[in-house]
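S.K.: Let me see the structure of the following:
(chains A and B)
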Amino acid sequence: MSTVTVVLLTLAVGTYALKAAGPLLLGGDRSLPCWVDRLALMLPAPLLAALVITSTVANGKDLVLDARVFGIVAAAVVLRFRGPFVVAVVVAAAATAIARAIGA
Amino acid sequence: MKDTRWPAERREIHRQALSIALAVSPFGVAFGVVCAEAGLSVWQALGFSTLVFSGSAQFAAVSVLADGGAAVAAVTAGLLLNLRSLAFGVAMAGSLRGPVWWRALAAQLMIDESTAVGTVQATDALKRYGYLVGGLGVFVLWNLTTVLGVSVLSSSEELITDLGIDATIPAAFLALLWPRLHDREQCLVAAAGALVAVLLVPVSPAGVPIIAAAAAVILAKPWRAPEGP
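M.R.: Next up is the predicted model:
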């Protein structure tokens, strides 16, 4: 099996276990310990921020500032003014493409 | 003509489910594009959207793979992001009563959007209906748009850089992160996570910086009870 398939199947099984634990194991009126709730609430922020930064400036093990930086700044501006997801993504692509075309 | 086949509450649920499914569709296209960039086949991309069916975890796993990260790192990043579906499951468990096979099937739809539509309804029956309709709507459009994204773009590598499509990945993550940044504490852990990741990129294998960033949650002291109003 390729690495992709292994990741796909393992992640699918693990994710399903997390999804199904509540409906399959709980009678209904119980709740999670408070710290699990807080952890689940707080974890996505640092993970997503790490993904934003690494997919912008990491190139393998090198840190590089290239045209993608213009794209992500443009996306941030769109989101700052409450622009929808699709606009932020399209603007990010356009800004990156323009920066590349003019050789930034 | 006014649609009277459904009671008002259910029509409202249909409206909520449709708008939320349309709202996630661009993410589906973006996920397909990420898959194409990472060299996944259409079937592999569709496999993620059907079997994993959990937006941000799919993005995370595939982008770690695209960076050449190890399988363990890709899976761990995805599962850490998905820890919240455990909380969703607990929130919805009371409304999802029924035979085991039925609960096992319904659980696959346990995502942010189905929980959002489900939990805001007034009764258990409507909660269950909202969860199912919200989840199915997203499931259908998410998979269709994934295929669209991966098949339109998988053929042309130059197109990806010429059109700046590689920048759609960080932009998509930023859009997922953005609503959380209104909270000061979330902002703090996000900034710390980003810092940890950047510092680790030059010295660790791909994927590790992402997982290490999760440690930034200790700044929010998750063992402490939330402060009441």
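S.K.: after the worst-scoring helix or strand of chain B on mean pLDDT comes which helix or strand?
M.R.: Lowest on mean pLDDT, DSSP states H and E among the helices and strands of chain B sits helix B:157-162, with a mean of 71. Going down the chain from helix B:157-162, the next helix or strand is helix B:168-177, by DSSP states H and E.
S.K.: immediately after that next one, which helix or strand?
M.R.: helix B:184-200.
S.K.: Give me the buried positions along that following helix.
M.R.: The neighbour-count check on helix B:184-200 (16 or more other C-beta atoms under 10 Å in any protein chain shown) flags B:185-186, B:188-198, B:200 as buried. Using the backbone N, CA and C atoms, a C-beta is placed for each residue, glycine as well.
S.K.: Relative to the whole chain's centre, how far out is it?
M.R.: 20 Å (C-alpha atoms, centre = their mean, to the nearest Å).
S.K.: now swap in stretch B:113-127 and tell me
M.R.: On C-alpha atoms, centre = their mean, the centre of stretch B:113-127 falls 19 Å from the chain's centre.
S.K.: Can you tell me what sits against it?
M.R.: With contacts defined as C-beta atoms under 8 Å, 6 or more residues apart in numbering or on different chains, stretch B:113-127 is touched by B:9-10, B:13, B:16-17, B:20-21, B:24, B:88, B:91-92, B:94-95, B:97, B:128-135, B:138.
S.K.: Please enumerate the helices of chain B.
M.R.: All helices of chain B, identified by DSSP state H, fall at B:8-38, B:42-47, B:55-66, B:71-93, B:100-106, B:112-119, B:124-153, B:157-162, B:168-177, B:184-200, B:208-213.
S.K.: Nearest residue to the middle of chain B?
M.R.: residue B:55 (2.4 Å; C-alpha atoms, centre = their mean).
S.K.: which residues sit in contact with it?
M.R.: Contacts of residue B:55 by C-beta under 8 Å, 6+ apart are B:24, B:27, B:31, B:111-112, B:142, B:176.
S.K.: repeat that for 6 Å
M.R.: residue B:27 (C-beta atoms under 6 Å, 6 or more residues apart in numbering or on different chains).
S.K.: cool, and residue B:190?
M.R.: So residue B:190 contacts A:45-46, A:49 (C-beta under 6 Å, 6+ apart).
S.K.: Show me the one in those that has more neighbours than the rest.
M.R.: Among the contacts of residue B:190, the one with the most neighbours (other C-beta atoms under 10 Å in any protein chain shown) is residue A:46, at 32 neighbours.
S.K.: Look up which helix or strand that residue falls in, please.
M.R.: Short version, using DSSP H and E: residue A:46 is in helix A:44-57.
S.K.: Next one: that helix, is it in contact with chain B?
M.R.: Yes: using C-beta under 6 Å from any C-beta of the partner chain, helix A:44-57 reaches chain B at A:44-56.
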